[in-house]
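Chemist: Got a predicted model here, sequence first, then my questions.
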Amino acid sequence: SQTIHQWPATLVQPVGSPLSLECTVEGTSNPNLYWYRQAAGRGLQLLFYSVGIGQISSEVPQNLSASRPQDRQFILSSKKLLLSDSGFYLCAWSVGGRETQYFGPGTRLLVL
Amino acid sequence: GQQVMQIPQYQHVQEGEDFTTYCNSSTTLSNIQWYKQRPGGHPVFLIQLVKSGEVKKQKRLTFQFGEAKKNSSLHITATQTTDVGTYFCASTSGTYKYIFGTGTRLKVLA
């Protein structure tokens, strides 16, 4: 069966520090991968999606970037965190363009 | 760009009462998906509707896709405390992108 992992589960970082969040998927090949951010009590904001290795589409211009170095690995990065980067970061995968999205457990990021 | 709005934003109900959330779009949707996010958790897929006027049921949950494929609803009959959470609708935009609704947060009072 397929599983999706995200780490770390929680993270507290100072403003201006770098960020690296990792997401890996097991049990499937060539998944579409997604990064979302959810502010407290709010909806899901799509940040990036990838349909293949090295292919990244950005939805929101900001100080975040994403990379997909391997088929089932998706990384979210920042060189310098802002206070507004705080939130719940969710990775998700799907197979095909209109199929179910499966979400990882998420990373809660607090920037102080 | 495509936007999907949900109403209400919040809903408090007494246990045993019914609950409905509505999802509306200004453009025709290719499909509609519904997700549930428990407090502190991640969204979990509930169902997908693709046909005009489609109705699907899962125990106490009834999902409907509008005839014009511009709106959808989720109805819960006789709510229970386990129904607490935020319900999101979503639709695919283009080939790979998913647009999520703003969500409806349901609180069930015992």
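Modeler: Structure received. This is a predicted model, so every value here is computed, not measured.

Chemist: how near is the closest residue to A:Pro18 other than its chain neighbours to chain B?
Modeler: Spatial nearest neighbour of A:Pro18, chain neighbours left out: A:Lys79 (5.7 Å); criterion: C-beta to C-beta, 6 or more residues apart in numbering or on different chains. From N, CA and C alone the C-beta is placed, and that goes for glycine too. Distance, A:Lys79 to chain B, using C-beta to the nearest C-beta, to the nearest Å: 26 Å.

Chemist: Pull the number of nearby residues for residue 19.
Modeler: I'll assume chain A. By other C-beta atoms under 10 Å in any protein chain shown, the residues close to A:Leu19 number 20.

Chemist: meant chain B, my bad for not saying
Modeler: 22.

Chemist: can you check B:Thr21 too?
Modeler: Counted with other C-beta under 10 Å, the neighbours of B:Thr21 add up to 24.

Chemist: wait, what's in contact with the spatially most central residue of chain A?
Modeler: Note on chain A: the residue nearest the mean C-alpha position is A:Trp35, at 3.2 Å, using C-alpha atoms, centre = their mean. For A:Trp35, the contacting residues are A:23, A:46-49, A:66, A:74, A:76, A:89-91, by C-beta atoms under 8 Å, 6 or more residues apart in numbering or on different chains.

Chemist: Quick check: which ranges of the chain have low pLDDT?
Modeler: Just so you know, I chose chain A. A:61, A:97-98 (pLDDT under 70).

Chemist: that answer is for a different chain, and I need it for chain B
Modeler: By pLDDT under 70, the low-scoring segments of chain B are B:1.

Chemist: do that again at 90, thanks
Modeler: Along chain B, the parts satisfying pLDDT under 90 run over B:1-4, B:26, B:30, B:92-99.

Chemist: How about the residues of it by chain A?
Modeler: Counting by C-beta under 8 Å from any C-beta of the partner chain, chain B comes close to chain A at B:30-31, B:33, B:35, B:41-45, B:48, B:50, B:88, B:90, B:92, B:94-103, B:105.

Chemist: before we move on, the earlier item: make sure the residue nearest to the centre of chain A is indeed in a helix.
Modeler: No. A:Trp35: not assigned to a helix; according to DSSP: H, G, I helix; E, B strand; the rest coil it is strand.

Chemist: Quick check: which of the contacts of A:Trp35 are also close to chain B?
Modeler: Among those, the residues lying close to chain B (C-beta under 8 Å from any C-beta) are A:46, A:49, A:90.

Chemist: Turn the residues you listed into CSV, including neighbour count.
Modeler: As requested, these are exported to CSV (neighbours: other C-beta atoms under 10 Å in any protein chain shown):
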residue, neighbour count
A:Leu46, 19
A:Tyr49, 23
A:Leu90, 25
